[in-house]
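J.: based on what follows, work out the 3D shape:
(chains A, B and C)
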Amino acid sequence: MPAAAHRCDPPGAARGVSPVHHKSVLLDALARVSAEVAAVRSRTAKTELLAGLFRQAEPAEAPLVVSYLAGRLPQRRTGVGWRTLQDPPAPAAVPSLTVPDVDAALTALAAVGGQGAQAERKRLVDALLARATEREQRFLLRLIGGELRQGALDALAVEGVAAATSADPDEVRRAVMLGGSPGAVARELLAHGPAALAAFRLRVGRPVLPMLAQTAKDVDEALDRLGPCAVEEKLDGVRVQVHRDGADVTVHTRTLDDITARLPEVTAAAAALPVSSVVLDGEVIALDADGRPHPFQEVAGRVGSRSGTGLPLSPVFFDVLAVDGRELLGLTTAERHAELARIVPEPLRVRRLAVPDPADPAARAAAREFAAEVLRRGHEGVVVKALDAPYTAGRRGASWLKAKPVHTLDLVVLAAEWGHGRRTGRLSNLHLGARRPDGTFAMLGKTFKGLTDAVLEWQTRRLRELAVSDDGWVVRVRPELVVEIAYDGLQRSSRYPAGVALRFARVVRYREDKRPEEADTVDAALASAGWGSPPPHPLP
DNA sequence: TTCCGACAGTGGGGTCGCAAT
DNA sequence: ATTGCGACCCCACTATCGGAA
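T.: Next up, the predicted model:
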């Protein structure tokens, strides 16, 4: 057994004293460590603080400790959010709660349903909070509310586990990506030392964190960054990972939620493939009779519905991670695609153009034309993938680059909201309006993205000069500032007056050279995003 | 010494299920 | 029936740390 394993033994074990009662980790210890982690800026220091607590945990409790310090609850839904957490009870004077106590309370909370559920949840969560000291309450409120804000989440928790057990951080990270939860890896590491990592490999039926793409400005930039590559269509739907082992099929989302029961079309498609076992990566979308994609909103609505019926969905696959007992993660993109093409019929695969020599002008032109055709067919854009790259589960690697068209509009700031966290005291979230013919403005959405600290500072000062009201949350201003906004498209909206809202709006720059009368109109916004008048999809 | 990969934070719109009103 | 909350689908961008170059 490696020397590191001794660190996991309870005090006294090394002297031959048998630990009759091991003591559970106290919530107080977690709350203290969390506050210390939040108080230091260095990631090495945060990691060391986390590791210090993991060393004290019993293997059986490690999953809870790691989960809490990564800001996640093992019970994914508790039914308790920020609203229910308002007006907490008076704190306890003395710490008494253990980590298993908290877990038991949250499990009870998650089980509440039916008539009177909201009052019962409030009663249960207040009962838990009443047993917590002030420091523990601060921790629990942020943990349950989903906003730990200690500058460390999953990644640093995993680093901490590695440090606590003297394991190679890269191998621990790999085990977490392939083996599921950080908690399970932490438990095995604490119990058996680094040798336990070898057992965490891809297993059909257990989802792995999907590989993600970075962003490129356009196809040309992607080709320049990648070299030999393939250009694939990017479909605007819901990411799915499909596992089939014999007759058993499961379907998981990007965050590894099990949605098998909602997607019978996908399980049927997987069951029909000529394999005994397989793990596929893909997207579900919905196509109309002409083969054009339905808007994302409709796909998300169908996927979110528990019934498993409604708008028919089509799975489209772009990668294969395992087939018939062989793990393929280490193979190159080109090799994995060859396997995919062998086992998945063409209509169930994304369209793709291989570009082995992006330096060749003809090949570049073909790649650009492929991307243009994808857009003409109504899809979102392209993902460009390096041909020689392995599948790096859970990473947003530089070997996959997505490129989507970006629209811009010059809009008028109608109001701004006070920021939170590091933006406290700054006006952050902008309300954006497009001009109407009568000189009034129609709000098309909000954004807080794209702002540097300097711009944040400037806009706070400038908007306060223009303020006409401030209710402590929203500051309304005279509509005089023009700001250039980038966005990915428009979506139907029942919230905003024009019946549409901006998707993924972000600030490009302020246009102090423009007066509000020169801002873009609602009609210009509809036209620029390809929404004729009337809009292509009926409004609610 | 500078550069760059990885992370965390800061929130956006929409939709569903469920419970309360 | 309508409304509000919680959860989760899609997501962009900046600041920062610390190892790579």
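J.: A:Glu484 against A:Val412, yeah?
T.: No. Checked against C-beta atoms under 8 Å, the pair A:Glu484 and A:Val412 is beyond contact range at 11.4 Å. Just so you know, the C-beta spots here come from the backbone N, C-alpha and C atoms, and that holds for glycine as well.
J.: of the two, which one has the most company?
T.: A:Val412 (27 against 17; other C-beta atoms under 10 Å).
J.: what residue in chain A comes nearest to DNA strand B?
T.: A:Gly421 (1.7 Å; C-beta to the nearest atom of the strand).
J.: just to check, that residue is in contact with A:Gln150?
T.: No. Using C-beta under 8 Å, A:Gly421 is not in contact with A:Gln150, being 11.3 Å away.
J.: of the two, which one has the most company?
T.: A:Gln150 (24 against 8).
J.: spit out the contact partners of that one.
T.: A:Ser34, A:Ala35, A:Val37, A:Ala38, A:Lys46, A:Gly71 (C-beta atoms under 8 Å, 6 or more residues apart in numbering).
J.: buried residues, the helix or strand encompassing the first one. List them.
T.: In other words, A:Ser34. If you go by DSSP states H and E, A:Ser34 is part of helix A:27-39. Buried positions in helix A:27-39, judged by neighbour count with 16 or more other C-beta atoms under 10 Å: A:Leu27, A:Asp28, A:Ala29, A:Leu30, A:Ala31, A:Arg32, A:Val33, A:Ser34, A:Glu36, A:Val37, A:Ala38.
J.: what's that helix in contact with?
T.: In contact with helix A:27-39 (C-beta under 8 Å, 6+ apart) are residues A:46, A:49-50, A:52-53, A:56, A:65, A:68-69, A:95, A:97-99, A:101-102, A:132-133, A:135-136, A:138-140, A:148-152.
J.: and what of stretch A:45-63?
T.: A:7-8, A:10, A:22, A:24-25, A:29-30, A:33, A:36-37, A:40, A:65-66, A:69, A:74, A:99-100, A:150-152, A:156-157, A:159-161, A:163-165, A:181, A:183-184, A:186-191.
J.: wait, A:Glu327 sits on A:Val208?
T.: No. Taking C-beta under 8 Å as the definition, A:Glu327 is not a contact partner of A:Val208, at 10.3 Å.
J.: can you pull out the helices in the stretch 201-350 of chain A?
T.: Per DSSP state H, counting those that start in this stretch, the stretch 201-350 of chain A carries helices over the ranges A:219-226, A:264-271, A:296-304, A:333-343.
J.: on the three-state scheme, the residue of chain A found nearest DNA strand C is what?
T.: Per C-beta to the nearest atom of the strand, A:Gly81 is where chain A lies closest to DNA strand C, at 2.6 Å. Secondary structure, DSSP: H, G, I helix; E, B strand; the rest coil: A:Gly81 is coil.
J.: with adjacent residues omitted, what lies nearest to it?
T.: A:Gly145 (6.7 Å; C-beta to C-beta, 6 or more residues apart in numbering).
J.: what does A:Pro264 give?
T.: A:Gly308 (5.5 Å).
J.: show the pLDDT at A:Ala529.
T.: With respect to pLDDT, A:Ala529 scores 71.
J.: again with A:Thr408
T.: 97.
J.: next up, the contacts around it.
T.: So A:Thr408 contacts A:Glu484, A:Ile485, A:Ala486, A:Tyr487, A:Val508 (C-beta under 8 Å, 6+ apart).
J.: for ChimeraX, what selects the buried ones among those residues?
T.: In ChimeraX, this line selects whichever of these come out buried by 16+ other C-beta under 10 Å:
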select /A:484,485,486,487
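J.: what ranges does the stretch 201-350 of chain A have for its strands?
T.: In the stretch 201-350 of chain A, the strands defined using DSSP state E, counting those that start in this stretch lie at A:212-215, A:229-234, A:238-245, A:248-252, A:277-285, A:314-323, A:326-327.
J.: tell me if the third one is near DNA strand C.
T.: Spelled out, it's strand A:238-245. Yes. Residues of strand A:238-245 contacting DNA strand C under C-beta under 7 Å from any atom of the strand: A:Val238, A:Arg239.
J.: could I get the CA-only coordinates of that strand as PDB?
T.: The C-alpha atoms that make up strand A:238-245 are tabulated as PDB, following Å, rounded to 0.1, in the frame of the first residue of the first chain:
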ATOM      1  CA  VAL A 238     -29.700  19.300 -27.100                       C
ATOM      2  CA  ARG A 239     -26.400  17.400 -26.600                       C
ATOM      3  CA  VAL A 240     -26.900  13.700 -25.900                       C
ATOM      4  CA  GLN A 241     -24.600  10.800 -24.900                       C
ATOM      5  CA  VAL A 242     -26.100   7.400 -25.700                       C
ATOM      6  CA  HIS A 243     -25.000   4.200 -24.200                       C
ATOM      7  CA  ARG A 244     -26.100   0.800 -25.400                       C
ATOM      8  CA  ASP A 245     -25.100  -2.400 -23.900                       C
END
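J.: ok, stretch A:407-414 near DNA strand C or not?
T.: No. Stretch A:407-414 is not in contact with DNA strand C by C-beta under 7 Å from any atom of the strand; minimum separation 10.0 Å.
J.: next: stretch A:391-398.
T.: No. Counting by C-beta under 7 Å from any atom of the strand, DNA strand C has no neighbours in stretch A:391-398; the shortest distance is 9.2 Å.
J.: how close does the spatially closest residue to A:Ala117 that is not a sequence neighbour sit to A:Phe504?
T.: Spatial nearest neighbour of A:Ala117, chain neighbours left out: A:Gly79 (6.9 Å); criterion: C-beta to C-beta, 6+ apart. Using C-beta to C-beta, to the nearest Å, A:Gly79 is found at 29 Å from A:Phe504.
J.: give me the pLDDT for A:Leu178.
T.: For A:Leu178, pLDDT reads 92.
J.: assumed it was part of a strand.
T.: No. A:Leu178 is assigned helix when assessed by three-state DSSP, not a strand.
J.: pull out the buried positions in stretch A:377-392.
T.: A:378-387, A:389-392.
J.: contacts for the helix or strand containing A:Arg142?
T.: Secondary structure assignment for A:Arg142, by DSSP H and E: helix A:134-145. Outside helix A:134-145, the residues that touch it by C-beta under 8 Å, 6+ apart are A:27-28, A:30-32, A:34-35, A:68, A:71, A:73, A:78, A:80-82, A:85, A:88, A:91-92, A:95, A:97, A:102, A:106, A:125, A:128-129, A:132, A:148-149.
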